[in-house]
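**Student:** Pasting a predicted model and its sequence here:
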Amino acid sequence: MRVLVTGAAGIVGTMLRPRLARPGRVLRLFDLVPIDPGPGEEVVTADLTDEAAVRAAMEDVQAVLHLGGLSRERPWADTLHVNIHGTYVLLEAARQAGIRQVVLAGSHHAVGFHPRTPSPAQPSGTVRPPAAARPSEAAAQPSGMAQAPDAEAPGGAPEGGAPDYLFPRPDTFYGVSKVAAEALGSLYHDRFGMNVVVMRLGSCAERPVDTRALSTWLSPGDGARLVEASLVAGGFHVVWGVSANTRRWWSLEEGRAIGYHPEDDAESYAASLIADHGEPDPADPVHALVGGVFCTRELGGIW
């Protein structure tokens, strides 16, 4: 089996490459940055928006793992060209090549302005974050209307809360591009019968780096387990990319439905992180909103 991996030189791609290696599997690594291939790897150095190069990279490929694109906030024109148009170029090339299996790296920033836990009393698409987290609304609302998110049930996300299909509510142009990726994946499934899984990735790192990541962390091992499940899943799915964290905010229901069974828990790092950073403040937008600090930084800036 040959798998095309875009963005293979990035942080997530670098973490996943050794964990996706299998006997009989070839990883075709696609990136603008030159890569030294290891055993069972091939390299394509090209631009994701170069339609001819992407079509050529699909030759003899059976599945695509799309990690490429801009991973932080950028001006709208850049985000549109690289992340949205680039995802279209990739999906269209895969369709033309007859490839049936595509895994897209989405992001929790597609739903960043949702509170970390939807209120059970409201549909997930109508939940509002605390007024303090929306500067334009705070002045217009009486202070008594600002409500903190509901507390999680013991052991993480509440039953029925923070579902995988949480309605889009992006926090940045970057988040908008990930909403577009979900929409394009859905379209190519419905139009052409392609199997597409969109991973709404949390905080991808070797270990959680702050107390927020105690809830949002996706370990490299669990990242690989999620990709493996996604590479054989049928249909269209949006799945939270998160480990089995004790404090997680997000459902694992859809992930389990496609065979994703995370094994790691950020709680093993909790004592040292809390000693360094203090207990998470649920009133702070960094902890109160799914998108954290992305909800407060400059829209369309370079950061």
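**Tutor:** Yes, it's here.
**Student:** Enumerate every residue touching residue 209.
**Tutor:** residue 203 (Cβ atoms under 8 Å, 6 or more residues apart in numbering). (Each C-beta comes from the backbone N, C-alpha and C, glycine too.)
**Student:** What's the per-residue pLDDT of it here?
**Tutor:** In this model, residue 209 is scored at 96, pLDDT.
**Student:** And residue 149, by the same measure?
**Tutor:** Note for residue 149: predicted pLDDT of 36.
**Student:** so what's residue 58 closest to, chain neighbours aside?
**Tutor:** residue 97 (3.8 Å; Cβ to Cβ, 6 or more residues apart in numbering).
**Student:** Name the helix or strand of the chain that has the lowest mean pLDDT.
**Tutor:** Least confident helix or strand of the chain, by mean pLDDT, DSSP states H and E, is helix 135-138 with a mean of 38.
**Student:** what packs against the next helix or strand after that helix?
**Tutor:** Downstream of helix 135-138, the next assigned helix or strand under DSSP states H and E is helix 173-192. Counting contacts by 3 or more Cβ pairs under 8 Å, 6 or more residues apart in numbering; DSSP states H and E, helix 173-192 packs against helix 76-79, helix 86-96, strand 101-107, strand 195-201, strand 236-241.
**Student:** Could you pull out the buried residues of helix 173-192?
**Tutor:** Of the residues in helix 173-192, 173-182, 184-185, 188-189 count as buried by neighbour count, 16 or more other Cβ atoms under 10 Å.
**Student:** And for stretch 242-259?
**Tutor:** Here stretch 242-259 shows 242-252, 254-255, 258 as buried, counting by 16+ other Cβ under 10 Å.
**Student:** so of these, which ones are in helices?
**Tutor:** Judged by DSSP state H, helices contain the following of the buried residues of stretch 242-259: 254-255.
**Student:** quick one: which of the buried residues of stretch 242-259 is nearest to residue 63?
**Tutor:** residue 258 (14.3 Å; Cβ to Cβ).
**Student:** rewinding a little: can you put the helices and strands packed on helix 173-192 in a markdown table and add mean pLDDT and mean neighbour count?
**Tutor:** Shown next, in a markdown table, are the helices and strands packed on helix 173-192 (pLDDT from 0 to 100; neighbours: other Cβ atoms under 10 Å):
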| stretch | mean pLDDT | mean neighbour count |
| --- | --- | --- |
| helix 76-79 | 99 | 15 |
| helix 86-96 | 99 | 21 |
| strand 101-107 | 99 | 26 |
| strand 195-201 | 99 | 26 |
| strand 236-241 | 98 | 25 |
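**Student:** Distance to residue 68 for those - can I get that in a markdown table?
**Tutor:** Below are these laid out as a markdown table (distance: least, Cβ to Cβ, whole Å):
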| stretch | distance to residue 68 |
| --- | --- |
| helix 76-79 | 13 |
| helix 86-96 | 7 |
| strand 101-107 | 8 |
| strand 195-201 | 14 |
| strand 236-241 | 16 |
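**Student:** if we compare the ones you listed, which one ends up closest to residue 41?
**Tutor:** Closest among the helices and strands packed on helix 173-192, using Cβ to Cβ: strand 101-107, at 17.7 Å.
**Student:** Quick one: distance of that closest one to the chain centre.
**Tutor:** Counting by Cα atoms, centre = their mean, to the nearest Å, strand 101-107 is centred 8 Å from the centre of its parent chain.
**Student:** Over to stretch 89-106?
**Tutor:** Worked out by Cα atoms, centre = their mean, stretch 89-106 lies 17 Å from the chain centre.
**Student:** can I get the CA coordinates of it in PDB?
**Tutor:** Extracted C-alpha coordinates of stretch 89-106, given in PDB (Å, rounded to 0.1, in the frame of the first residue of the first chain):
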ATOM      1  CA  VAL A  89      -6.400  20.600  -5.600                       C
ATOM      2  CA  LEU A  90      -5.600  17.600  -3.500                       C
ATOM      3  CA  LEU A  91      -9.100  16.100  -3.500                       C
ATOM      4  CA  GLU A  92      -9.700  16.700  -7.200                       C
ATOM      5  CA  ALA A  93      -6.300  15.000  -8.000                       C
ATOM      6  CA  ALA A  94      -7.200  12.100  -5.800                       C
ATOM      7  CA  ARG A  95     -10.600  11.800  -7.500                       C
ATOM      8  CA  GLN A  96      -9.100  11.800 -10.900                       C
ATOM      9  CA  ALA A  97      -6.600   9.100  -9.900                       C
ATOM     10  CA  GLY A  98      -9.400   6.900  -8.600                       C
ATOM     11  CA  ILE A  99      -8.200   7.100  -5.000                       C
ATOM     12  CA  ARG A 100     -11.000   6.100  -2.600                       C
ATOM     13  CA  GLN A 101      -9.400   6.800   0.800                       C
ATOM     14  CA  VAL A 102      -8.600  10.300   2.100                       C
ATOM     15  CA  VAL A 103      -7.700  11.500   5.600                       C
ATOM     16  CA  LEU A 104      -7.800  15.300   6.100                       C
ATOM     17  CA  ALA A 105      -6.100  17.100   9.000                       C
ATOM     18  CA  GLY A 106      -8.900  19.400  10.300                       C
END
